[in-house]
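Participant: Show me how the following folds:
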Amino acid sequence: MISKQAQTLTRQVLRLSSLFHCVPWEYGNPKTKFLIRKKSLTKFYVNCAILSFHHILLVSKYPVTLRDDNPLGFLRVIIHLVCIAVAIETSFCGFIEFIWSKDAIMGLYNSSFLYHQSFSDKFCKSRIKKEGLFICGFEPWMKLFLYSTIFLSTVGLPLFVLTAPHLNAFLTSYFIDYIEKEGNLALILFALIHLWIYTCDVLMALNSIFLLMPQICQVIAVLGEIRPGKIRSKYTKSMTRNIQNVLKTLRNTQLLQRFSNLVTQQNFAPTTVTIVMGICASCNCAVIAAKITEDNFTRVLTGKVLGTIVSFVCTVFIIVVCNVVGKAQISMGSTIQSWKIKETDAYCRKVLNSVRPEGVKIADFTSFGRMTTVNVVFAILRYTGRYMISLKRKN
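Facilitator: Modelled structure (predicted):
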């Protein structure tokens with residue numbers, strides 16, 4: 001079963017998302033469907049139209065930022081690049097994906113949730129079923145992503161907009177002259193607009209993380225419970241490791257993974273990997289290259305702190321994702337291999353040979369299982385260097 005702690009954190013994100021009208025689903029009944037479609041999607045579509053308009057304006061004004069002669073021009077280019085990357089990510093993996101694939105996403109999560117619930121009802125011990133303690137291991141990361149998002153939305157972003165309006169990509173492009181005439185009132189107004197847009201974007205990203213990652217972590221936990229060498233378990237009964245039950249569990253796990261790949265491999269996975277690594281590299285460039293002087297001390301220091309936080313969160317996110325989904329594929333393969341022993345009859349061996357461990361695919365050419373933490377870190381460092389060289393040449 002998906003732990004009660006993970007369910008509670010997911011419900012918190014769903015409540016926040018419903019408040020901002022940025023997702024087409026809401027929390028339902030855990031006994032039947034965890035996710036249900038909202039009765040009315042009008043506010044969601046209106047919000048999507050507002051976000052689309054903002055993202056188009058943001059991208060269209062990048063050439064203006066690129067040609068700017070401001071002393072802080074290099075830093076503004078980096079910030080604008082990060083904003084465009086976030087806009088692309090939340091557009092393609094956010095509301096566009098939610099509009100076209102909302103039924104598939106809800107079906108995937110509900111199918112996975114109900115399967116793990118049935119697994120718990122059949123195989124878990126009574127105390128575990130009552131207290132919901134079948135921990136998948138992703139709960140601390142869910143807390144980190146949720147609370148860091150709330151901190152950036154309520155403290156970090158408004159502080160940055162109010163202290164450094166000339167570094168803000170959207171305000172600089174369109175409304176900076178108006179803000180200078182009207183003063184702090186206009187600046188606060190645009191800070192609130194940015195707060196709404198940023199929060200909607202990040203809540204869409206959190207929905208994708210919270211709906212897709214815990215079920216993969218739960219698969220890892222389930223695979224660890226059906227290994228032949230696990231004689232006693234504090235979570236599951238001994239009948240869990242009966243060969244017939246093991247074969248059913250492996251087959252169901254394979255079907256869930258294939259269903260997950262159908263939803264994620266064409267858009268979610270490749271777009272997320274590309275954009276998140278680009279954001280990490282861009283933030284690293286800004287933090288390294290921006291020079292602090294007496295005139296811009298507060299503005300640049302605020303930008304450096306926020307850039308460091310964003311880069312750190314994105315780096316941790318992609319490393320955790322790569323390790324989790326890679327571990328799922330490795331666990332599947334090792335569990336299948338561990339049952340190919342003398343005690344397993346010929347028929348069951350044939351069934352085991354038909355079950356193939358599948359990783360979370362990136363499009364049709366590779367999978368997360370082939371990516372390691374070292375590869376990810378070196379890729380981020382490599383692209384950081386390339387960004388700095390290319391941007392320095394343009395300046």
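Participant: so where is the stretch 251-395 of the chain shaky, pLDDT-wise?
Facilitator: Across the stretch 251-395 of the chain, residues meeting the criterion (pLDDT under 70) sit at 296, 298-299, 302, 359-373, 391-395.
Participant: And the helices in it?
Facilitator: 268-289, 297-338, 346-354, 373-394 (DSSP state H, counting those that start in this stretch).
Participant: Could you look over the ones you listed and pick the most buried one?
Facilitator: helix 268-289 (a mean of 22; mean count of other Cβ atoms under 10 Å). All C-beta atoms are positioned from the backbone trio N, CA, C, and that covers glycine.
Participant: Show me what that one packs onto, helices and strands only.
Facilitator: helix 73-90, helix 184-225, helix 297-338, strand 361-362, helix 373-394 (3 or more Cβ pairs under 8 Å, 6 or more residues apart in numbering; DSSP states H and E).
Participant: Just the angle for that helix relative to helix 184-225, thanks.
Facilitator: Here the directions of helix 268-289 and helix 184-225 differ by 130 degrees (axes from the mean of the first three to the mean of the last three Cα atoms, to 10 degrees).
Participant: re earlier: between the helices of the stretch 251-395 of the chain, which one is nearest to Q117?
Facilitator: Nearest to Q117, of all those, is helix 297-338, at 19.3 Å by Cβ to Cβ.
Participant: so which of the helices of the stretch 251-395 of the chain comes closest to I56?
Facilitator: The nearest among the helices of the stretch 251-395 of the chain, by Cβ to Cβ, is helix 268-289 at 17.3 Å.
Participant: The closest one to helix 297-338, inter-axis angle?
Facilitator: Using the same axes, to 10 degrees: helix 268-289 against helix 297-338 is 140 degrees.
Participant: does E26 sit in a helix, a strand or a coil?
Facilitator: strand (DSSP: H, G, I helix; E, B strand; the rest coil).
Participant: Just give the nearest non-adjacent residue to V86, would you?
Facilitator: D201 (6.1 Å; Cβ to Cβ, 6 or more residues apart in numbering).
Participant: K230 too?
Facilitator: Using Cβ to Cβ, 6+ apart, the closest residue to K230 is R241 (6.4 Å).
Participant: Quick one: low-confidence residue ranges for the stretch 1-150 of the chain.
Facilitator: Looking at the stretch 1-150 of the chain by pLDDT under 70, you get 1-2, 68-75, 129-136.
Participant: The same query, at a cut-off of 50, please.
Facilitator: For the stretch 1-150 of the chain, no stretch has pLDDT under 50.
Participant: Strands of that one, start to end?
Facilitator: 25-29, 33-37 (DSSP state E, counting those that start in this stretch).
Participant: deepest of these, which one?
Facilitator: It is strand 33-37: most buried of the strands of the stretch 1-150 of the chain by mean count of other Cβ under 10 Å, with a mean of 18.
Participant: what's in contact with it?
Facilitator: 7, 24-29, 102-103, 106, 109-110, 113-114, 211 (Cβ atoms under 8 Å, 6 or more residues apart in numbering).
Participant: Parallel or antiparallel, which strands does it pair with?
Facilitator: Under the criterion DSSP bridges, strand 33-37 sits next to strand 25-29 (antiparallel) in its sheet.
Participant: residue ranges of the helices in the stretch 51-200 of the chain, please?
Facilitator: 62-66, 73-90, 96-123, 126-131, 139-151, 157-163, 169-174, 176-182, 184-225.
Participant: Of those helices, which is nearest V287?
Facilitator: Per Cβ to Cβ, nearest to V287 of the helices of the stretch 51-200 of the chain: helix 73-90, 9.1 Å.
Participant: So which bits of that closest one are buried?
Facilitator: 74-90 (16 or more other Cβ atoms under 10 Å).
Participant: mind checking how far that helix is from the chain centre?
Facilitator: 18 Å (Cα atoms, centre = their mean, to the nearest Å).
Participant: Alpha carbons only: can I get that helix in PDB?
Facilitator: Coordinates of each C-alpha in helix 73-90 appear next as PDB, following Å, rounded to 0.1, in the frame of the first residue of the first chain:
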ATOM      1  CA  GLY A  73      22.800  42.200 -18.600                       C
ATOM      2  CA  PHE A  74      24.600  38.800 -18.200                       C
ATOM      3  CA  LEU A  75      22.700  38.000 -15.000                       C
ATOM      4  CA  ARG A  76      19.400  39.000 -16.600                       C
ATOM      5  CA  VAL A  77      20.000  36.800 -19.600                       C
ATOM      6  CA  ILE A  78      20.600  33.800 -17.300                       C
ATOM      7  CA  ILE A  79      17.400  34.600 -15.300                       C
ATOM      8  CA  HIS A  80      15.400  35.000 -18.400                       C
ATOM      9  CA  LEU A  81      16.700  31.600 -19.700                       C
ATOM     10  CA  VAL A  82      15.700  29.900 -16.400                       C
ATOM     11  CA  CYS A  83      12.200  31.500 -16.700                       C
ATOM     12  CA  ILE A  84      11.800  30.300 -20.300                       C
ATOM     13  CA  ALA A  85      12.900  26.800 -19.200                       C
ATOM     14  CA  VAL A  86      10.400  26.700 -16.400                       C
ATOM     15  CA  ALA A  87       7.700  28.000 -18.800                       C
ATOM     16  CA  ILE A  88       8.500  25.300 -21.300                       C
ATOM     17  CA  GLU A  89       8.500  22.600 -18.600                       C
ATOM     18  CA  THR A  90       5.200  23.700 -17.100                       C
END
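Participant: list the helices and strands that helix packs on?
Facilitator: By 3+ Cβ pairs under 8 Å, 6+ apart, helix 73-90 packs against helix 42-60, helix 62-66, helix 169-174, helix 184-225, helix 268-289, helix 297-338, helix 373-394.
Participant: could you check the angle helix 373-394 makes with it?
Facilitator: Going by the same axes, to 10 degrees, helix 73-90 makes 130 degrees with helix 373-394.
Participant: how big is the angle separating helix 73-90 from helix 96-123?
Facilitator: 60 degrees.
Participant: got the angle for helix 73-90 vs helix 42-60?
Facilitator: 150 degrees.
Participant: picking up where we left off before, can I get the helices of the stretch 251-395 of the chain in CSV with distance to Y62?
Facilitator: Putting the helices of the stretch 251-395 of the chain into CSV (distance: least, Cβ to Cβ, whole Å) gives the following:
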stretch, distance to Y62
helix 268-289, 13
helix 297-338, 18
helix 346-354, 51
helix 373-394, 13
